[in-house]
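Asks: below are the sequence and a predicted model; questions follow.
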Amino acid sequence: MEAHEAAVAAIAANVRQFYDRKESYRIYHGSTNSTRQSRLYRSRVIDTSKLKHILVVDTVAKAVLVEPSVPMDSLVEATLQYGLVPPVVMEFPGITVGGGFSGTAGESSSFRYGFFERTVIWIQIVLADGKIVKASKTNMPDLFHGAASSFGTLGVITLLELQLVEAAAYVELTYHPVQSVSEAVKKVEDLTADSTVDYLDGILYSKDHGVICAGRKTNTLKGGVHVQQFTRAADPWFYIHVQRSVAKDRGPITEAVPLVDYLFRYDRGGFWVGKYRGSPPNDRDGSTIAPQQQHQNFNTA
Ligand SMILES: Cc1cc2nc3c(=O)[nH]c(=O)nc-3n(C[C@H](O)[C@H](O)[C@H](O)COP(=O)(O)OP(=O)(O)OC[C@H]3O[C@@H](n4cnc5c(N)ncnc54)[C@H](O)[C@@H]3O)c2cc1C
(Lines give C-alpha, C1' and ligand atoms only; values in the text may rest on other atoms or scores of the structure.)
Protein backbone atom coordinates (compact mmCIF):
# COMPACT_ATOMS: atom_id res chain seq x y z
CA MET A 1 0.00 0.00 0.00
CA GLU A 2 2.93 2.33 0.72
CA ALA A 3 4.26 1.90 -2.81
CA HIS A 4 0.78 2.58 -4.14
CA GLU A 5 0.43 5.77 -2.11
CA ALA A 6 3.85 7.02 -3.27
CA ALA A 7 2.98 6.32 -6.93
CA VAL A 8 -0.37 8.11 -6.59
CA ALA A 9 1.25 11.10 -4.87
CA ALA A 10 3.66 11.41 -7.80
CA ILE A 11 0.76 11.21 -10.29
CA ALA A 12 -1.19 13.83 -8.33
CA ALA A 13 1.82 16.17 -8.33
CA ASN A 14 2.14 15.79 -12.11
CA VAL A 15 -1.56 16.43 -12.62
CA ARG A 16 -1.26 19.57 -10.47
CA GLN A 17 1.58 20.81 -12.68
CA PHE A 18 -0.54 20.41 -15.80
CA TYR A 19 -3.33 22.25 -13.99
CA ASP A 20 -1.07 25.14 -13.03
CA ARG A 21 0.26 25.38 -16.59
CA LYS A 22 -3.31 25.07 -17.96
CA GLU A 23 -2.17 22.27 -20.24
CA SER A 24 -4.08 19.19 -21.31
CA TYR A 25 -2.61 15.68 -21.03
CA ARG A 26 -3.32 12.11 -22.03
CA ILE A 27 -3.35 9.04 -19.84
CA TYR A 28 -0.69 6.46 -20.66
CA HIS A 29 -0.95 3.01 -19.10
CA GLY A 30 1.75 1.25 -21.06
CA SER A 31 -0.26 -0.81 -23.52
CA THR A 32 -3.06 -0.54 -26.02
CA ASN A 33 -5.40 -2.80 -27.97
CA SER A 34 -6.00 -0.08 -30.51
CA THR A 35 -4.84 -0.71 -34.06
CA ARG A 36 -4.86 3.04 -34.76
CA GLN A 37 -1.79 5.24 -34.42
CA SER A 38 -2.09 7.76 -31.63
CA ARG A 39 0.31 10.57 -30.86
CA LEU A 40 1.79 10.28 -27.43
CA TYR A 41 4.47 12.65 -26.13
CA ARG A 42 6.23 11.87 -22.87
CA SER A 43 5.91 15.49 -21.75
CA ARG A 44 2.13 15.47 -22.26
CA VAL A 45 1.07 12.30 -20.43
CA ILE A 46 0.16 11.12 -16.99
CA ASP A 47 1.85 7.73 -16.74
CA THR A 48 -0.18 5.11 -14.83
CA SER A 49 1.80 2.14 -16.18
CA LYS A 50 3.34 1.39 -12.77
CA LEU A 51 -0.11 1.01 -11.21
CA LYS A 52 -0.33 -2.67 -12.16
CA HIS A 53 -0.73 -4.48 -8.86
CA ILE A 54 -3.47 -6.47 -7.24
CA LEU A 55 -3.31 -5.29 -3.64
CA VAL A 56 -5.87 -7.36 -1.72
CA VAL A 57 -8.31 -10.16 -2.47
CA ASP A 58 -10.90 -10.15 0.30
CA THR A 59 -12.51 -13.60 0.33
CA VAL A 60 -15.07 -12.64 3.01
CA ALA A 61 -16.37 -9.50 1.32
CA LYS A 62 -15.73 -11.09 -2.12
CA ALA A 63 -13.91 -8.06 -3.43
CA VAL A 64 -10.54 -7.17 -4.88
CA LEU A 65 -8.50 -4.01 -4.49
CA VAL A 66 -6.79 -3.51 -7.81
CA GLU A 67 -4.72 -0.83 -9.52
CA PRO A 68 -6.04 0.40 -12.87
CA SER A 69 -3.36 -0.88 -15.24
CA VAL A 70 -3.89 -4.55 -14.35
CA PRO A 71 -5.10 -6.47 -17.43
CA MET A 72 -8.09 -8.80 -17.19
CA ASP A 73 -6.11 -12.03 -17.66
CA SER A 74 -3.84 -11.21 -14.69
CA LEU A 75 -6.82 -10.22 -12.58
CA VAL A 76 -8.68 -13.45 -13.35
CA GLU A 77 -5.56 -15.53 -12.67
CA ALA A 78 -5.14 -13.86 -9.26
CA THR A 79 -8.75 -14.10 -8.10
CA LEU A 80 -9.14 -17.71 -9.28
CA GLN A 81 -6.57 -18.69 -6.68
CA TYR A 82 -9.28 -17.82 -4.14
CA GLY A 83 -12.10 -19.50 -6.09
CA LEU A 84 -13.46 -16.10 -7.15
CA VAL A 85 -13.82 -14.26 -10.44
CA PRO A 86 -14.97 -10.77 -11.52
CA PRO A 87 -18.67 -10.87 -12.48
CA VAL A 88 -17.93 -9.16 -15.82
CA VAL A 89 -14.69 -10.08 -17.60
CA MET A 90 -13.87 -8.30 -20.85
CA GLU A 91 -13.10 -10.93 -23.44
CA PHE A 92 -9.81 -9.50 -24.63
CA PRO A 93 -7.27 -10.42 -21.96
CA GLY A 94 -5.22 -7.22 -22.35
CA ILE A 95 -8.02 -4.78 -21.56
CA THR A 96 -7.16 -3.11 -18.27
CA VAL A 97 -9.36 -2.56 -15.23
CA GLY A 98 -8.98 1.24 -15.48
CA GLY A 99 -9.59 1.23 -19.25
CA GLY A 100 -12.67 -0.97 -18.82
CA PHE A 101 -14.10 1.35 -16.16
CA SER A 102 -13.27 4.54 -18.05
CA GLY A 103 -13.92 3.36 -21.61
CA THR A 104 -17.14 1.28 -21.36
CA ALA A 105 -16.95 -2.49 -21.35
CA GLY A 106 -19.56 -5.20 -21.16
CA GLU A 107 -19.65 -8.94 -21.60
CA SER A 108 -21.86 -11.99 -21.82
CA SER A 109 -22.64 -11.73 -18.09
CA SER A 110 -23.70 -8.07 -18.47
CA PHE A 111 -27.33 -9.08 -18.92
CA ARG A 112 -27.13 -9.90 -15.17
CA TYR A 113 -24.60 -7.34 -13.88
CA GLY A 114 -24.59 -4.46 -16.36
CA PHE A 115 -21.42 -2.88 -17.72
CA PHE A 116 -18.08 -3.66 -16.05
CA GLU A 117 -18.27 -0.28 -14.27
CA ARG A 118 -21.39 -1.46 -12.38
CA THR A 119 -19.26 -4.09 -10.62
CA VAL A 120 -16.92 -1.43 -9.19
CA ILE A 121 -17.55 -0.63 -5.50
CA TRP A 122 -15.41 2.49 -5.22
CA ILE A 123 -12.65 4.32 -7.02
CA GLN A 124 -9.70 6.42 -5.99
CA ILE A 125 -9.36 9.25 -8.51
CA VAL A 126 -6.97 12.16 -8.99
CA LEU A 127 -9.02 15.19 -9.98
CA ALA A 128 -7.95 17.86 -12.46
CA ASP A 129 -6.36 20.02 -9.72
CA GLY A 130 -4.36 17.09 -8.33
CA LYS A 131 -6.65 16.37 -5.39
CA ILE A 132 -6.89 12.64 -4.51
CA VAL A 133 -10.43 11.53 -3.59
CA LYS A 134 -12.42 8.35 -3.08
CA ALA A 135 -15.81 8.08 -4.78
CA SER A 136 -18.51 5.46 -4.36
CA LYS A 137 -22.29 5.16 -4.50
CA THR A 138 -22.46 6.94 -1.14
CA ASN A 139 -19.38 9.20 -1.18
CA MET A 140 -19.34 11.79 -4.01
CA PRO A 141 -21.89 9.67 -5.90
CA ASP A 142 -22.15 12.15 -8.78
CA LEU A 143 -18.41 11.85 -9.41
CA PHE A 144 -18.54 8.04 -9.08
CA HIS A 145 -21.41 7.82 -11.54
CA GLY A 146 -19.92 10.38 -13.92
CA ALA A 147 -16.38 8.99 -13.97
CA ALA A 148 -17.54 5.66 -15.41
CA SER A 149 -17.25 5.69 -19.20
CA SER A 150 -15.93 9.25 -19.16
CA PHE A 151 -12.64 8.33 -20.88
CA GLY A 152 -10.47 9.91 -18.24
CA THR A 153 -12.01 13.36 -18.66
CA LEU A 154 -12.99 13.70 -14.98
CA GLY A 155 -9.71 12.49 -13.54
CA VAL A 156 -7.15 9.73 -13.39
CA ILE A 157 -8.34 6.52 -11.74
CA THR A 158 -5.62 5.18 -9.46
CA LEU A 159 -7.33 2.38 -7.50
CA LEU A 160 -10.58 0.42 -7.69
CA GLU A 161 -12.42 -1.97 -5.43
CA LEU A 162 -14.20 -4.51 -7.55
CA GLN A 163 -16.92 -6.97 -6.64
CA LEU A 164 -16.16 -10.71 -7.12
CA VAL A 165 -18.40 -13.77 -7.46
CA GLU A 166 -17.86 -17.50 -6.97
CA ALA A 167 -15.90 -19.10 -9.79
CA ALA A 168 -16.40 -22.62 -11.13
CA ALA A 169 -14.21 -25.06 -13.02
CA TYR A 170 -16.32 -25.04 -16.17
CA VAL A 171 -18.97 -23.19 -18.09
CA GLU A 172 -21.52 -25.64 -19.43
CA LEU A 173 -22.26 -23.99 -22.74
CA THR A 174 -25.31 -24.72 -24.86
CA TYR A 175 -25.47 -23.60 -28.50
CA HIS A 176 -29.05 -22.90 -29.59
CA PRO A 177 -29.35 -22.55 -33.38
CA VAL A 178 -31.77 -19.84 -34.59
CA GLN A 179 -33.06 -19.03 -38.06
CA SER A 180 -34.00 -15.35 -37.85
CA VAL A 181 -33.27 -12.20 -35.89
CA SER A 182 -36.69 -12.36 -34.23
CA GLU A 183 -36.09 -15.97 -33.16
CA ALA A 184 -32.70 -14.90 -31.77
CA VAL A 185 -34.30 -12.07 -29.78
CA LYS A 186 -36.99 -14.41 -28.43
CA LYS A 187 -34.38 -16.99 -27.41
CA VAL A 188 -32.32 -14.32 -25.63
CA GLU A 189 -35.44 -13.10 -23.80
CA ASP A 190 -36.37 -16.65 -22.73
CA LEU A 191 -32.85 -17.45 -21.54
CA THR A 192 -32.56 -14.12 -19.70
CA ALA A 193 -35.59 -15.14 -17.67
CA ASP A 194 -33.90 -18.45 -16.77
CA SER A 195 -32.07 -17.77 -13.50
CA THR A 196 -29.72 -20.73 -14.02
CA VAL A 197 -28.04 -18.96 -16.96
CA ASP A 198 -24.85 -17.08 -16.01
CA TYR A 199 -23.54 -16.09 -19.43
CA LEU A 200 -25.50 -15.25 -22.57
CA ASP A 201 -24.54 -14.01 -26.00
CA GLY A 202 -25.13 -14.84 -29.64
CA ILE A 203 -23.58 -14.84 -33.09
CA LEU A 204 -25.53 -14.11 -36.27
CA TYR A 205 -23.72 -15.71 -39.21
CA SER A 206 -26.32 -14.43 -41.70
CA LYS A 207 -29.89 -13.13 -41.73
CA ASP A 208 -31.25 -16.64 -41.39
CA HIS A 209 -28.58 -18.44 -39.40
CA GLY A 210 -27.35 -17.72 -35.92
CA VAL A 211 -26.52 -19.32 -32.59
CA ILE A 212 -27.42 -18.17 -29.09
CA CYS A 213 -24.84 -19.37 -26.54
CA ALA A 214 -26.06 -19.85 -22.97
CA GLY A 215 -23.54 -20.69 -20.24
CA ARG A 216 -23.95 -22.02 -16.73
CA LYS A 217 -21.05 -22.20 -14.28
CA THR A 218 -20.50 -25.71 -12.95
CA ASN A 219 -17.94 -27.80 -11.08
CA THR A 220 -19.34 -31.12 -12.25
CA LEU A 221 -19.21 -32.58 -15.69
CA LYS A 222 -22.35 -34.33 -16.85
CA GLY A 223 -21.84 -37.75 -18.43
CA GLY A 224 -21.26 -37.56 -22.18
CA VAL A 225 -20.52 -33.81 -22.16
CA HIS A 226 -17.39 -33.08 -24.16
CA VAL A 227 -14.74 -30.67 -22.78
CA GLN A 228 -13.73 -28.04 -25.33
CA GLN A 229 -10.88 -25.53 -25.01
CA PHE A 230 -10.23 -22.33 -26.99
CA THR A 231 -6.99 -20.85 -25.65
CA ARG A 232 -4.32 -23.33 -26.79
CA ALA A 233 -2.52 -23.03 -30.13
CA ALA A 234 -4.25 -26.07 -31.64
CA ASP A 235 -7.75 -25.16 -30.40
CA PRO A 236 -10.37 -23.97 -32.88
CA TRP A 237 -11.50 -20.36 -33.12
CA PHE A 238 -14.67 -20.02 -31.10
CA TYR A 239 -17.06 -18.63 -33.72
CA ILE A 240 -15.99 -21.20 -36.32
CA HIS A 241 -16.28 -24.03 -33.82
CA VAL A 242 -19.82 -22.97 -32.86
CA GLN A 243 -20.87 -22.67 -36.50
CA ARG A 244 -19.50 -26.12 -37.34
CA SER A 245 -21.00 -27.70 -34.23
CA VAL A 246 -24.55 -26.62 -35.03
CA ALA A 247 -24.10 -27.44 -38.73
CA LYS A 248 -23.41 -31.05 -37.79
CA ASP A 249 -26.16 -31.43 -35.20
CA ARG A 250 -29.12 -29.15 -35.77
CA GLY A 251 -30.52 -29.21 -32.23
CA PRO A 252 -29.03 -27.46 -29.21
CA ILE A 253 -25.58 -28.81 -28.37
CA THR A 254 -23.94 -28.66 -24.97
CA GLU A 255 -20.26 -28.86 -24.11
CA ALA A 256 -18.13 -27.93 -21.12
CA VAL A 257 -15.56 -25.15 -21.47
CA PRO A 258 -12.96 -24.52 -18.73
CA LEU A 259 -13.81 -21.12 -17.18
CA VAL A 260 -10.74 -19.23 -18.43
CA ASP A 261 -11.16 -20.67 -21.93
CA TYR A 262 -14.75 -19.47 -21.86
CA LEU A 263 -13.91 -15.98 -20.63
CA PHE A 264 -11.27 -15.42 -23.32
CA ARG A 265 -12.89 -17.59 -26.01
CA TYR A 266 -12.94 -14.84 -28.65
CA ASP A 267 -9.30 -13.82 -28.22
CA ARG A 268 -7.80 -16.10 -30.86
CA GLY A 269 -9.51 -14.94 -34.03
CA GLY A 270 -10.46 -11.58 -32.51
CA PHE A 271 -14.15 -12.50 -32.51
CA TRP A 272 -14.28 -12.90 -36.34
CA VAL A 273 -12.21 -9.83 -37.18
CA GLY A 274 -9.16 -12.05 -37.70
CA LYS A 275 -10.75 -13.47 -40.83
CA TYR A 276 -10.73 -10.02 -42.46
CA ARG A 277 -7.10 -9.25 -41.75
CA GLY A 278 -5.87 -11.19 -44.76
CA SER A 279 -5.04 -14.46 -43.07
CA PRO A 280 -7.24 -17.49 -43.60
CA PRO A 281 -9.33 -18.55 -40.62
CA ASN A 282 -7.02 -21.49 -40.17
CA ASP A 283 -7.95 -23.16 -36.94
CA ARG A 284 -5.46 -25.96 -37.47
CA ASP A 285 -2.23 -24.01 -37.06
CA GLY A 286 -3.71 -22.12 -34.13
CA SER A 287 -2.21 -18.81 -35.20
CA THR A 288 -3.45 -15.79 -33.29
CA ILE A 289 -4.10 -12.84 -35.54
CA ALA A 290 -6.42 -10.90 -33.29
CA PRO A 291 -5.46 -7.31 -32.54
CA GLN A 292 -3.16 -8.01 -29.63
CA GLN A 293 -2.32 -5.88 -26.69
CA GLN A 294 0.88 -4.07 -27.55
CA HIS A 295 3.34 -2.01 -25.63
CA GLN A 296 2.63 1.59 -26.50
CA ASN A 297 5.64 3.73 -27.42
CA PHE A 298 6.02 7.48 -27.13
CA ASN A 299 6.45 9.82 -30.10
CA THR A 300 9.42 12.14 -29.95
CA ALA A 301 8.56 15.79 -29.67
C1 LIG B 1 -9.33 -4.63 -30.16
C2 LIG B 1 -10.37 -4.29 -29.12
C3 LIG B 1 -11.11 -5.31 -28.53
C4 LIG B 1 -12.08 -5.04 -27.59
N5 LIG B 1 -12.77 -6.05 -27.03
C6 LIG B 1 -13.66 -5.82 -26.08
C7 LIG B 1 -14.30 -6.86 -25.41
O8 LIG B 1 -14.04 -8.02 -25.64
N9 LIG B 1 -15.22 -6.53 -24.48
C10 LIG B 1 -15.51 -5.24 -24.16
O11 LIG B 1 -16.35 -5.00 -23.31
N12 LIG B 1 -14.89 -4.25 -24.76
C13 LIG B 1 -13.98 -4.50 -25.70
N14 LIG B 1 -13.33 -3.46 -26.28
C15 LIG B 1 -13.61 -2.12 -25.79
C16 LIG B 1 -12.72 -1.91 -24.55
O17 LIG B 1 -13.24 -2.58 -23.43
C18 LIG B 1 -12.68 -0.44 -24.21
O19 LIG B 1 -12.21 0.25 -25.34
C20 LIG B 1 -11.74 -0.20 -23.04
O21 LIG B 1 -11.93 1.11 -22.62
C22 LIG B 1 -10.30 -0.46 -23.42
O23 LIG B 1 -9.51 -0.36 -22.28
P24 LIG B 1 -7.91 -0.38 -22.35
O25 LIG B 1 -7.43 -0.93 -21.08
O26 LIG B 1 -7.42 -0.99 -23.60
O27 LIG B 1 -7.62 1.18 -22.27
P28 LIG B 1 -7.45 2.34 -23.33
O29 LIG B 1 -8.07 2.01 -24.64
O30 LIG B 1 -6.05 2.76 -23.30
O31 LIG B 1 -8.30 3.45 -22.57
C32 LIG B 1 -9.68 3.59 -22.72
C33 LIG B 1 -10.08 4.95 -22.18
O34 LIG B 1 -9.94 4.93 -20.77
C35 LIG B 1 -9.08 5.98 -20.36
N36 LIG B 1 -8.29 5.47 -19.25
C37 LIG B 1 -7.44 4.42 -19.25
N38 LIG B 1 -6.89 4.26 -18.03
C39 LIG B 1 -7.43 5.23 -17.24
C40 LIG B 1 -7.26 5.61 -15.88
N41 LIG B 1 -6.41 4.97 -15.09
N42 LIG B 1 -7.96 6.67 -15.42
C43 LIG B 1 -8.82 7.35 -16.21
N44 LIG B 1 -9.01 7.05 -17.51
C45 LIG B 1 -8.33 6.01 -18.02
C46 LIG B 1 -8.23 6.32 -21.55
O47 LIG B 1 -7.78 7.66 -21.49
C48 LIG B 1 -9.21 6.09 -22.69
O49 LIG B 1 -10.02 7.22 -22.90
C50 LIG B 1 -12.34 -3.70 -27.22
C51 LIG B 1 -11.60 -2.66 -27.79
C52 LIG B 1 -10.62 -2.95 -28.73
C53 LIG B 1 -9.82 -1.81 -29.36
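Replies: In hand now; what should we look at? Just so it is clear, the structure is predicted and the values come from calculations on it, not from any experiment.

Asks: okay, CA-based contacts and neighbour counts for the rest of this
Replies: OK.

Asks: contacts only, for H226.
Replies: 254-256 (Cα atoms under 8 Å, 6 or more residues apart in numbering).

Asks: residues from the chain in reach of the ligand?
Replies: Among all residues of the chain, those adjacent to the ligand (criterion: Cα under 6 Å from any ligand atom) are 27, 32-34, 68, 90-92, 95-96, 98-100, 102-107, 151-152, 155-158, 291.

Asks: quick one, strands of the stretch 101-250 of the chain?
Replies: In the stretch 101-250 of the chain, the strands defined using DSSP state E, counting those that start in this stretch lie at 120-126, 132-136, 156-163, 165-166, 170-178, 199-206, 209-218.

Asks: take these and write them to JSON lines, including mean neighbour count and mean pLDDT.
Replies: Formatted as JSON lines, the strands of the stretch 101-250 of the chain follow (neighbours: other Cα atoms under 10 Å; pLDDT from 0 to 100):
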{"stretch": "strand 120-126", "mean neighbour count": "23", "mean pLDDT": "98"}
{"stretch": "strand 132-136", "mean neighbour count": "18", "mean pLDDT": "98"}
{"stretch": "strand 156-163", "mean neighbour count": "25", "mean pLDDT": "98"}
{"stretch": "strand 165-166", "mean neighbour count": "16", "mean pLDDT": "98"}
{"stretch": "strand 170-178", "mean neighbour count": "24", "mean pLDDT": "97"}
{"stretch": "strand 199-206", "mean neighbour count": "18", "mean pLDDT": "95"}
{"stretch": "strand 209-218", "mean neighbour count": "21", "mean pLDDT": "97"}
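
Asks: so where's the protein uncertain?
Replies: Across the chain, residues meeting the criterion (pLDDT under 70) sit at 248-249, 276-301.

Asks: any idea which helix or strand carries the residue positioned nearest the centre of the chain?
Replies: Among the residues of the chain, the one closest to the centroid is M90, at 1.6 Å (Cα atoms, centre = their mean). When elements are assigned from DSSP states H and E, M90 belongs to no helix and no strand.
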